[in-house]
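*Asks:* structure here, sequence nowhere to be found:
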């Protein structure tokens with residue numbers, strides 16, 4: 001590796017990473033300004049991999065993820081920052097199955113947790129990381145569309161106005177919304 005890198009995973013498996021996009025046709029997007037938008041999610045999957053000769057290292061925050069992912073004033077997509085995952089490498093077939101962990105991000109994009117997730121995957125787990133659109137600092141779709149965190153969502157999470165009960169109700173509804181995302185991804 002040439003630049004700054006995440007800590008090396010300690011498990012026996014190499015780690016692969018891939019992206020999928022899902023649209024829940026049965027659910028409207030709660031945070032979009034467009035009333036007819038369906039719920040869309042970007043899901044990153046890390047898994048035990050069996051690299052082949054043309055397997056390429058994954059970029060920590062690819063393309064527009066790095067341009068838009070700022071957390072607490074720090075630009076996470078620093079040039080040369082590398083992870084240990086391989087893009088779309090074949091699954092390691094040394095085991096017939098692997099346990100699956102669903103990872104639901106909070107406060108950061110799911111890619112920001114790459115070091116932790118790579119460590120888990122290197123020990124023989126498939127980790128399905130859901131980037132909850134409008135809740136994460138940024139979601140980038142394969143067509144280049146960038147969805148930043150929703151001001152409406154952030155206002156509800158960080159609201160100092162109103163009662164404690166109102167704040168808890170908002171947080172409970174946000175958790176319920178993310179729970180439906182998880183159920184949809186699992187299905």
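*Replies:* Yep, it's here. Since this is a predicted model, take the numbers as computed values, not measurements.
*Asks:* how about the strands in this protein?
*Replies:* Counting by DSSP state E, the segments of the chain that form strands are 14-28, 38-49, 56-59, 70-71, 74-75, 82-87, 100-104, 126-131, 138-140, 146-148.
*Asks:* so the first one versus strand 38-49, what angle?
*Replies:* If you take axes from the mean of the first three to the mean of the last three CA atoms, to 10 degrees, strand 14-28 sits at 160 degrees to strand 38-49.
*Asks:* in this protein, where's the longest helix?
*Replies:* Once the chain is assigned using DSSP state H, the helix that runs over the most residues is helix 164-186.
*Asks:* what about it, distance to the chain center?
*Replies:* 17 Å (CA atoms, centre = their mean, to the nearest Å).
*Asks:* next one: stretch 138-156
*Replies:* Remark: stretch 138-156 is offset 12 Å from the chain centroid, using CA atoms, centre = their mean.
*Asks:* pLDDT on it, on average?
*Replies:* Per-residue pLDDT over stretch 138-156 has a mean of 80.
*Asks:* which other residues reach it?
*Replies:* Applying CB atoms under 8 Å, 6 or more residues apart in numbering, the external contacts of stretch 138-156 come out as 19, 21, 31, 40-42, 63-65, 68-69, 109, 131-137, 170-171, 174. C-betas here are computed from N, CA, C, even on glycine.
*Asks:* ChimeraX command for the buried members of those residues?
*Replies:* In ChimeraX, this line selects whichever of the contacts of stretch 138-156 come out buried by 16 or more other CB atoms under 10 Å:
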select :19,31,40,41,42,64,65,68,69,109,131,132,133,134,135,136,137,170,174
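*Asks:* tell me, what residue is most central in this structure?
*Replies:* Central residue check for the chain by CA atoms, centre = their mean: the C-alpha nearest the mean position is that of residue 110, 2.7 Å away.
*Asks:* is it correct that that residue is in contact with residue 133?
*Replies:* No - applying CB atoms under 8 Å as the test, residue 110 and residue 133 come out as separate, 11.2 Å apart.
*Asks:* and the longest helix of the chain, what's buried?
*Replies:* By neighbour count with 16+ other CB under 10 Å, helix 164-186 contains the buried residues 167, 170, 174, 177, 178, 181, 182, 184, 185.
*Asks:* report all helices and strands that that helix contacts.
*Replies:* When contacts are defined as 3 or more CB pairs under 8 Å, 6 or more residues apart in numbering; DSSP states H and E, helix 164-186 packs onto strand 14-28, strand 38-49, strand 100-104, strand 126-131, helix 151-158.
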